[in-house]
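*Asks:* just a sequence and a predicted model for now, questions to come.
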Amino acid sequence: MFKVVPSLVLVTLASACSSMLPVSHSDASSFQSFEAARDAVVALVPMKSSRKAAEKDGIDFAKQPNTKILTHSDVVRLLVPTGLLKREDLDPGILVCLEARDACNGLDITASRIAKTRTGNFFADFINYRQRTETTGWRFNALILYVNDLVVYRSWGGQPKVDELDVATRPLGPFQDLGPAMVSSGR
């Protein structure tokens, strides 16, 4: 009877400890959802919308994290046609931007909300035998080009739903990485 009680306590602790597994969140956006980010970009009408209208919808490099401000030379490097594309194949807004030279600039927006949660057995995770990580959330990117304060081009893309599972199994648990360390320290 004495041997059963410690085993029962150990099993109970191991199953109850799953809430002790690591959780991390990455909120790299002022937008609350993929749809909100998409709607803000889609609301911009090329050749009609202003920079102030974009800022009103949350597209502001000063407030939106992970937004790269593009200079004219950045736009040229990013969008100048290669041997496969001809100038006439480009969107009219891109051409307007390229011809405007220094009056052309843009925003390269990268937004996301990602949560990583370790799930599974606490004890197996703790001893590095098996770690299971679930990644959920969304990722969004957009390109907006301005000539002075007029939106001349906008495009968007990304992953509306991120749902990934990563399972790492190490049959030797905490001893898995000792082999190479012991071999190299023996010299």
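*Replies:* Arrived safely, thanks for sending.

*Asks:* can you give me the helices in the protein?
*Replies:* With helices called from DSSP state H, the chain shows them at 4-16, 34-42, 51-56, 72-79, 92-99, 122-126, 178-185.

*Asks:* average pLDDT for the fifth one?
*Replies:* Which is helix 92-99. In this model, helix 92-99 carries a mean pLDDT of 91.

*Asks:* list the buried residues in it.
*Replies:* Judged by neighbour count using 16 or more other C-beta atoms under 10 Å, the buried positions of helix 92-99 are 93-94, 96-98. Any C-beta I mention is one placed from the backbone N, CA and C, and that applies to glycine too.

*Asks:* now render these as JSON lines, adding distance to residue 140.
*Replies:* Output for the buried residues of helix 92-99, formatted as JSON lines (distance: C-beta to C-beta, whole Å):
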{"residue": "93", "distance to residue 140": "20"}
{"residue": "94", "distance to residue 140": "21"}
{"residue": "96", "distance to residue 140": "25"}
{"residue": "97", "distance to residue 140": "22"}
{"residue": "98", "distance to residue 140": "25"}
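
*Asks:* pLDDT at residue 107, what is it?
*Replies:* At residue 107, pLDDT is 93.

*Asks:* so what pairs up with it in the strands?
*Replies:* Note on residue 107: beta-bridge partners residue 69, residue 144, judged by DSSP bridges.

*Asks:* could you count how many residues lie near it?
*Replies:* 21 (other C-beta atoms under 10 Å).

*Asks:* that one contacts residue 55, doesn't it?
*Replies:* No. In this structure residue 107 lies outside contact range of residue 55 using C-beta atoms under 8 Å: 10.6 Å.

*Asks:* residue ranges in the protein under the pLDDT threshold?
*Replies:* 1-19, 22, 24-28, 81-84, 173, 176, 179-187 (pLDDT under 70).
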